[in-house]
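Colleague: Sequence unavailable; structure follows:
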């Protein structure tokens, strides 16, 4: 009989209707658990947003560095081109000086021949 009383009491506990206070307490407990979960999720969201801001700043910094490196690369290209043009100009100047020297020599020869012809007459 003892065993039957225990089973009956357990079944009664399982199938009984809860009072309003018990329902409110259970709902409050669930609300507290959900509030704690929401708090944790909000903290995680704040942490992720902070990380996003930090990463955005790093991206901006890296973009600026990239612009600087691109500027340096462009400057190096310009300097190389200037050096190339300078060498071409030096070579052109050498060629012109050589031609000028040859023309002066021809001028001097012709002038000397002219003087010689004038004295010969």
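Modeller: Everything's here; your move. All values reported here derive from a predicted model rather than from experimental measurement. Residues are numbered from 1 along each chain as shown.

Colleague: who does the strand or helix carrying residue 115 touch, helix- and strand-wise?
Modeller: Using DSSP states H and E, residue 115 sits within helix 20-120. Taking 3 or more C-beta pairs under 8 Å, 6 or more residues apart in numbering; DSSP states H and E as contact, there are no helices or strands that helix 20-120 lies on. In short, each C-beta sits where N, CA and C put it, glycine included.

Colleague: From the chain's centroid, how far away is that helix?
Modeller: Averaging C-alpha positions (C-alpha atoms, centre = their mean, to the nearest Å) puts helix 20-120 12 Å from its chain's average.

Colleague: What's the mean pLDDT across that helix?
Modeller: Helix 20-120 shows a mean pLDDT of 92 in the predicted model.

Colleague: let's have the chain start at 653 instead
Modeller: In the new count, where the first residue is 653, that last one comes out as helix 672-772.
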